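A.B. asks: Here is my input; please provide its structure:
(one chain, ligands or ions: 1)
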Amino acid sequence: MKHYAVFGSPIAHSQSPRIHAAFAKQAGIAMDYVAIEADLDHFAGALAASGVAGANITLPLKEAAFALCNGRVSARAQRAGAVNTLLRDAHGWRGDNTDGLGLVRDLTERHGLDLRQRRVLLLGAGGAARGVAPALLDAGIHSLYVVNRSPARAEALVDASGEPDRAHARAWDALPTMGEFDLLINATSASRGGSLPALPMALAGPRSTAVDLSYGEAAVPFLAWARAAGCQHAIDGLGMLVEQAAESFALWHGQRPETDAVFADLSGRSDALRTAD
Ligand code: NDP
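C.D. replies: Model prediction:
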C-alpha cells in the first residue's frame, strides 16, 4: 500500500485526508493519507521520515516545497514559485501546483462563471495567490490587480506572471480609487490571525462575484462584506479545495476522480470546518 500525506502548520483541521480517502474508495485504490504537522524548520526532515510516495503541501510550506524540488517542477509551479503537490520518483521529488486549476475549475464548471474579459482583484500575494494568478490569466481574464499588505510581494507576483500588460500590483491604500471589479478574490490568511483592513464597498457591484479561498468560519467576514457590498455571488474555497485535490490525485494515480459527491458531503458539514488547505 502506498502512503501519502498533507504537510503544513496548522494542519489538524485539514479536510485533505477525508477527501483523498473518498477519492481512493471511488477509484478502488488501496492507499493511506494522513495529515502531518510541520513548520518550516522541520518540513524537510518530516517529509524524509514519512516515507510517502506523494504529498500535498499547504501553508506555510509551499515555497519551501518548491525549493526542495531543485528545479524539477511543472511549468505552472515554476510560474507560481510555489508547490502544493509533490511526487516522488527515482531521482527525488518533483513538484506541481494544482491550486490555480482547482479554483478555475470550481468557478467555471461548478459555478458556471465565464472568466473571459473579467476585471479581477486579488487580495494577497502568498503561496495560494501565486498559484491562482497564472491560472486566472490563462483563463482569459481582462486584467489582474494584486494588492498585498507587503507591497513587495505583490510586485514580485506580478513580475513572475510575465504579463506586464494585464497584471498590476497596487498598494492597499489605492483600493478606494480602483473602481469596480467583476471578480474579487480573498487569498489572504487574515482571518486566521487578525482581520482584513476595511474594504471600500465601491470595489463591488451587482454583477460582481466574490471568492474567499478559505471556507467555513474563516470565510465568513469577507463573504459577509461581499454580500453587504451587493455582490451577485459569494463563494468560499471548499470547491477549490476539492478540485485541487482531484488534480493532485490524478497526478499520483493517473485517474481524475469525480468530485461532486465529495463536494456535496463536505458542503453539508462546512459550518463545522475551520481551515482550508
Ligand atoms: P501564505 O501564508 O502564503 O500567505 C498569506 C497571505 O495573507 C499573504 O499575502 C499575507 O500578506 C496575507 N495576510 C495575512 N494576514 C493578513 C492581514 N491581517 N491583513 C492583510 N493581509 C494579510 O498563505 P497561503 O497563500 O498559502 O493561504 C492563503 C489562504 O488561502 C489561507 O486562508 C488558506 O487556507 C487558503 N487556501 C485555500 C485553498 C483551497 O483549496 N481552498 C488552497 C490554498 C490556500 P503579507 O505578504 O503581507 O504577509
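A.B. asks: Could you use CA atoms for every contact and neighbour count after this?
C.D. replies: OK.
A.B. asks: which of the residues in the helix or strand of the chain with the lowest mean pLDDT are buried?
C.D. replies: Lowest by mean pLDDT, DSSP states H and E among the helices and strands of the chain is helix 190-193, with a mean of 77. Neighbour counts using 16 or more other CA atoms under 10 Å place 190-191 of helix 190-193 among the buried residues.
A.B. asks: Say whether the ligand is contacted by that helix.
C.D. replies: Yes - under the criterion of CA under 6 Å from any ligand atom, the ligand is reached by helix 190-193 at residue 190.
A.B. asks: Beyond that helix, next helix or strand please.
C.D. replies: Toward the C-terminus, helix 190-193 is succeeded by strand 209-212 as the next helix or strand (DSSP states H and E).
A.B. asks: Residue 212: neighbour count?
C.D. replies: 25 (other CA atoms under 10 Å).
A.B. asks: Let me know the pLDDT of it.
C.D. replies: pLDDT for residue 212: 97.
A.B. asks: Would you agree it is in contact with residue 233?
C.D. replies: No - in this structure residue 212 lies outside contact range of residue 233 using CA atoms under 8 Å: 11.2 Å.
A.B. asks: helices or strands next to the least confident helix or strand of the chain in the packing?
C.D. replies: Counting contacts by 3 or more CA pairs under 8 Å, 6 or more residues apart in numbering; DSSP states H and E, helix 190-193 packs against no other helix or strand.
A.B. asks: Pretty sure residue 263 sits in a helix.
C.D. replies: Yes - looking at residue 263 with DSSP: H, G, I helix; E, B strand; the rest coil, it is inside a helix.
A.B. asks: wait, what's in contact with it?
C.D. replies: 238-239, 242 (CA atoms under 8 Å, 6 or more residues apart in numbering).
A.B. asks: export stretch 2-19 as CSV, just CAs?
C.D. replies: Written as CSV, here are the backbone C-alpha positions of stretch 2-19 (Å, rounded to 0.1, in the frame of the first residue of the first chain):
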residue,chain,number,x,y,z
LYS,A,2,1.3,3.4,-0.9
HIS,A,3,1.4,6.3,1.6
TYR,A,4,0.5,9.9,1.1
ALA,A,5,0.2,12.9,3.4
VAL,A,6,-0.5,16.6,3.6
PHE,A,7,2.1,18.7,5.4
GLY,A,8,1.5,22.2,6.9
SER,A,9,1.0,24.1,10.1
PRO,A,10,-1.6,24.3,11.5
ILE,A,11,-2.9,21.0,9.9
ALA,A,12,-5.1,19.3,12.5
HIS,A,13,-8.3,20.5,10.8
SER,A,14,-7.3,19.7,7.2
GLN,A,15,-10.0,18.1,5.2
SER,A,16,-7.5,16.5,2.7
PRO,A,17,-7.3,13.1,4.4
ARG,A,18,-11.1,12.8,4.2
ILE,A,19,-11.2,14.0,0.5
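A.B. asks: Quick one: residues in contact with it.
C.D. replies: 30-39, 43, 51-61, 242, 245, 262, 273-277.
A.B. asks: Would you mind listing the buried residues in stretch 170-178?
C.D. replies: 170-172, 175.
A.B. asks: What of stretch 127-138?
C.D. replies: So, applying 16+ other CA under 10 Å, buried residues of stretch 127-138: 127-137.
A.B. asks: Adding secondary structure and pLDDT, write those residues out as JSON lines.
C.D. replies: What follows is the buried residues of stretch 127-138, written out as JSON lines (DSSP: H, G, I helix; E, B strand; the rest coil; pLDDT from 0 to 100):
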{"residue": "127", "secondary structure": "helix", "pLDDT": "89"}
{"residue": "128", "secondary structure": "helix", "pLDDT": "92"}
{"residue": "129", "secondary structure": "helix", "pLDDT": "95"}
{"residue": "130", "secondary structure": "helix", "pLDDT": "94"}
{"residue": "131", "secondary structure": "helix", "pLDDT": "95"}
{"residue": "132", "secondary structure": "helix", "pLDDT": "97"}
{"residue": "133", "secondary structure": "helix", "pLDDT": "97"}
{"residue": "134", "secondary structure": "helix", "pLDDT": "95"}
{"residue": "135", "secondary structure": "helix", "pLDDT": "97"}
{"residue": "136", "secondary structure": "helix", "pLDDT": "98"}
{"residue": "137", "secondary structure": "helix", "pLDDT": "97"}
